[in-house]
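K.L.:
Pasted the sequence and its predicted model underneath.
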Amino acid sequence: MTEYSLHGTATWKYWQGILNGLPARDSPERSPVPVRARVVFAGDGEEWLDGEAERLDPGVAIYVRLHDRRVNTLGV
């Protein structure tokens with residue numbers, strides 16, 4: 001377990017850009033579904049993180065809420 005995986009308040013000290021993220025689109029929310037998401041961080045590279053899929057934009061993207069100190073938004 002890395003220090004990054006600890007839940008808690010995200011601070012600028014840990015934030016990293018996400019290279020494979022898309023902006024959230026205006027799509028209807030749905031009941032959260034547990035998922036593992038592939039995230040490519042600017043500093044740490046590719047990792048698989050647990051999260052909740054909350055929105056689906058068919059054929060484009062799935063909005064996933066992430067719980068990681070490196071993420072400075074609610075999800076990607």
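P.N.:
Good, I have the coordinates.
K.L.:
now the strands for the protein?
P.N.:
For the chain, applying DSSP state E gives strands covering 29-41, 45-57, 61-66.
K.L.:
Same list, those, but as a markdown table with mean pLDDT, mean neighbour count and distance to Leu19 please.
P.N.:
All C-beta spots, glycine's among them, are computed from the backbone N, C-alpha and C. Below are these laid out as a markdown table (pLDDT from 0 to 100; neighbours: other CB atoms under 10 Å; distance: least, CB to CB, whole Å):
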| stretch | mean pLDDT | mean neighbour count | distance to Leu19 |
| --- | --- | --- | --- |
| strand 29-41 | 91 | 13 | 4 |
| strand 45-57 | 90 | 15 | 9 |
| strand 61-66 | 87 | 19 | 14 |
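K.L.:
Mind checking these for the one nearest to Asn20?
P.N.:
strand 29-41 (4.5 Å; CB to CB).
K.L.:
What's the separation between Ile18 and Gly45?
P.N.:
11 Å (CB to CB, to the nearest Å).
K.L.:
before we move on, what about Arg38?
P.N.:
Distance, Arg38 to Gly45, by CB to CB: 11 Å.
K.L.:
ok, now Gly17?
P.N.:
12 Å.
K.L.:
just Arg69 next, same as before
P.N.:
Arg69 is 16 Å from Gly45, by CB to CB.
K.L.:
Equivalent analysis for Pro28, please.
P.N.:
Relative to Gly45, Pro28 is positioned 33 Å away (CB to CB).
K.L.:
Having no further points to raise, I will conclude here.
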